[in-house]
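Chemist: Predicted structure and sequence below. I'll ask about it afterward.
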Amino acid sequence: MDEQGIARTMQASLGRRTFLKLTGGAAGAPLVAAALAGAGRPASAIAAPGSAAGMARATSQDADTTLIFAAGADADALDPRQTNTQEGYIACANIYDCLVLYDLGKTTLRPGLAEKWEVSENGLEYTFNLRQGVKFHDGADFNADAVVTWFNSIKEGAPGSQYDASRMPYMEPFFTGLIDTVEKVDDFTVKMILPRPYAPLLANLAIPIGGIPSPNAIEAGLDQLAVNPVGTGPFRVTDPSAWTRGSQLVVTANPDYWGGAPKLERVIFSVVPEGSTRLQQVEAGDIDIAWGLTPDDVRKAQDNPDLQIVEEAGLNTNSVQFNLSKDPFKSKEVRQALNYAINKEELSAGLYDGDMVPAGGVLPPVDWAFSEDLKGYPYDPDRAKELLAAAGYNDQNKLTFTLWAYTVPRGYNPAGDRLATAVQEYWRQVGVEAEIQTAEWTQYLANRRANQYDISLGGWMGDNGDPDNFLYSLLASENVGQSNTSWYANPQVDQLLVQAQEATDQEERKRLYQQAELIIVDEAPWVFLGYQKHQVVTSNTLQDFVIQPTYIYYLAGVSKA
């Protein structure tokens with residue numbers, strides 16, 4: 001969804017001429033140079049009242065087995081059914097288990113509370129064989145009854161339902177809207193019955209909001225479970241006082257964890273509102289992980305030998321989106337020309353300090369359907385001019401339009417509207433005049449969905465690692481005017497995407513998605529820009545800390561040197 005993710009060799013590889021151009025040390029393309037070199041740094045994306053990490057450190061009995069994870073805001077709720085913040089996702093990912101989990105550092109799936117599963121040939125029944133001998137933190141048995149109790153608690157109208165749309169914002173779109181019933185087959189087997197085939201279901205079930213609480217905790221009610229979490233995960237909350245709202249949450253190791261006891265004895269999720277303070281504290285050794293830093297703070301951390309920057313191309317995509325329902329963007333030649341006109345490598349090095357991985361298409365490299373063979377549009381201004389001429393545009397008949405931009409930094413574009421300024425100048429170099437207009441974020445989104453823009457900045461943060469969450473959400477004709485704000489509609493692509501939803505074999509789905517993306521890239525409904533890196537700054541004493549493309553962190557295998 002929108003809200004929501006390599007050393008600095010990219011800049012060096014551009015060569016002296018481009019480097020001087022970016023820094024304003026050489027003539028030519030002055031506005032591009034100014035836009036790139038003058039990129040500002042956004043404020044931290046997370047901020048909330050709280051305390052310094054010193055309080056958290058004082059709680060630790062043994063610093064070598066305690067990890068302090070500092071973020072700018074607190075979790076909203078520790079009931080996975082109710083959480084609606086990334087901080088809540090991170091905490092719940094370590095307190096609860098889902099039926100399936102993400103592989104470490106990947107978007108592919110591994111067994112969780114379900115040891116294995118089978119999908120019927122028609123794609124309407126998912127049968128899960130559950131782990132035996134697993135206990136919830138309160139001593140209750142994990143079994144088929146627990147899974148049924150969980151599902152019924154989030155399904156409107158089901159026996160024992162606690163469904164509250166205002167407190168469970170994601171249960172219906174990710175789970176209960178896709179599943180009719182969950183039935184107990186035997187004590188350690190459950191069957192999910194779907195109204196229609198939906199292959200991304202397993203990826204949805206791995207999102208931390210799919211964590212399964214103890215039936216006893218569910219019975220205690222929404223208010224109790226929100227503050228007194230009881231799961232099966234590697235860490236547990238042993239006392240209600242472990243969570244001081246706005247300050248810190250202390251979780252301790254579950255020695256009976258089915259996946260093996262964690263290497264750490266405890267994890268402290270500390271609230272440190274200012275990103276610069278989090279950086280200072282990780283530099284001083286007061287915290288172990290500084291999460292949610294700005295690119296500027298990450299850059300400052302780069303030269304500190306006591307720190308490490310863990311990073312990867314994030315599960316996001318950054319773009320300029322054409323409105324294919326309006327001229328001149330009904331012309332494929334125009335759309336392709338405007339792609340060729342953008343130097344994405346230079347844009348990455350200058351505007352994003354190398355933290356944007358240039359895009360070949362829609363799907364980011366961490367998505368399992370990503371194709372390394374999809375090269376997209378290289379920087380070729382001469383080709384751009386040829387295509388513009390073929391579409392009837394030249395010095396005597398210039399292509400002109402208004403480029404709409406948002407002003408706030410996004411996870412996929414921390415540069416905000418400075419991106420529009422850089423893109424504007426690249427287009428000017430091939431004879432295209434784009435006037436930039438900006439709008440406040442909420443109004444900007446509303447205007448796009450109301451078909452009021454001809455061309456606008458766009459982007460997306462992935463929810464679950466499934467390519468469907470990008471390609472179908474953003475480019476299927478069914479979503480035109482909603483998440484498809486390029487008004488792109490291609491019946492062949494629609495057919496491929498629906499086939500991919502209904503296919504049960506992942507390799508077959510991958511083939512279908514890559515086939516669809518080839519068509520999409522050729523038709524160029526967007527300027528495909530890049531994928532912003534996902535970066536976390538940690539102490540260099542941490543071992544085996546792996547970042548997840550979906551912006552969560554499994555901490556059971558982490559240790560400290």
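Modeler: Looks like it arrived, so ask away.

Chemist: Need the per-residue pLDDT for the most far-flung residue of the chain relative to its centre.
Modeler: For the chain, the residue at maximal distance from the C-alpha centroid (C-alpha atoms, centre = their mean) is Gln396, at 44.4 Å. You'll see Gln396 listed with a pLDDT of 91.

Chemist: I'd guess it is in a strand, am I close?
Modeler: No. Judged by DSSP: H, G, I helix; E, B strand; the rest coil, Gln396 forms no part of a strand; its state is coil.

Chemist: Ramachandran angles for it?
Modeler: Main-chain torsions, Gln396, degrees, to the nearest 10: phi -90, psi -20.

Chemist: Direction included, what does the host helix or strand of Trp404 pair up with?
Modeler: Assigned by DSSP states H and E, Trp404 falls within strand 399-406. If you go by DSSP bridges, strand 399-406 pairs up with strand 432-439 (parallel), strand 455-461 (parallel).

Chemist: next SSE after the longest one?
Modeler: Moving toward the C-terminus from strand 432-439, the next helix or strand (DSSP H and E) is helix 441-449.

Chemist: If you count neighbours, what's buried in that next one?
Modeler: The neighbour-count check on helix 441-449 (16 or more other C-beta atoms under 10 Å) flags Tyr444, Asn447, Arg448 as buried. Placement of C-beta: from N, CA and C, glycine included.

Chemist: For the first one, give me its contacts.
Modeler: By that I understand Tyr444. Shown in contact with Tyr444 (C-beta atoms under 8 Å, 6 or more residues apart in numbering): Trp404, Tyr406, Thr438, Ser456.

Chemist: helices and strands around the longest strand seen in the chain, which ones?
Modeler: Across the chain, the longest stretch assigned as strand under DSSP state E is strand 526-539. Using 3 or more C-beta pairs under 8 Å, 6 or more residues apart in numbering; DSSP states H and E, the elements in contact with strand 526-539 are helix 275-284, strand 289-290, helix 295-301, strand 307-313, strand 316-322, helix 332-340, helix 344-351, strand 356-358.

Chemist: mean confidence for that strand?
Modeler: 95.

Chemist: Could you figure out how far that strand is turned away from strand 307-313?
Modeler: Angle, strand 526-539 to strand 307-313, by axes from the mean of the first three to the mean of the last three C-alpha atoms, to 10 degrees: 160 degrees.

Chemist: Report the strands that pair with strand 526-539, each with its relative direction.
Modeler: Partners of strand 526-539 in the sheet, by DSSP bridges, are strand 289-290 (antiparallel), strand 307-313 (antiparallel), strand 316-322 (antiparallel), strand 356-358 (antiparallel).

Chemist: and the first one, what's its mean pLDDT?
Modeler: Averaging pLDDT along strand 289-290 gives 96.

Chemist: contacting residues around that strand?
Modeler: Here strand 289-290 makes contact (C-beta under 8 Å, 6+ apart) with 67-70, 275, 278-279, 281-282, 297, 301, 536-539, 542, 545.

Chemist: The residues you listed, buried ones only, as a ChimeraX selection?
Modeler: Only the buried members of these enter the following ChimeraX selection, criterion being 16+ other C-beta under 10 Å:
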select :67,68,69,70,275,278,279,281,282,297,301,536,537,538,539,542,545
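
Chemist: Could you pull out the buried residues of the very next helix or strand once past the strand holding Trp404?
Modeler: The helix or strand immediately downstream of strand 399-406 is helix 418-428, counting by DSSP H and E. Neighbour-count burial for helix 418-428, with 16+ other C-beta under 10 Å as criterion, is recorded at Arg418, Leu419, Ala420, Thr421, Ala422, Val423, Gln424, Glu425, Tyr426, Trp427.

Chemist: Where does pLDDT dip in the protein?
Modeler: Along the chain, segments meeting pLDDT under 70 span 1-61.

Chemist: mind checking the longest helix of it?
Modeler: helix 506-523 (DSSP state H).

Chemist: how much distance is there from it to the middle of the chain?
Modeler: Here the centre of helix 506-523 is set off from its chain's centre by 21 Å, with C-alpha atoms, centre = their mean, to the nearest Å.

Chemist: How about stretch 465-472?
Modeler: Using C-alpha atoms, centre = their mean, the offset of stretch 465-472 from its chain centre is 11 Å.

Chemist: Contacts for it, please.
Modeler: With C-beta under 8 Å, 6+ apart as the criterion, stretch 465-472 contacts 102, 106-108, 199-200, 203-204, 206, 315, 317, 362-363, 366-369, 460, 462-463, 479, 497, 500-501, 509-510, 513, 516-517, 520, 549-550.

Chemist: Fine by me, thanks again.
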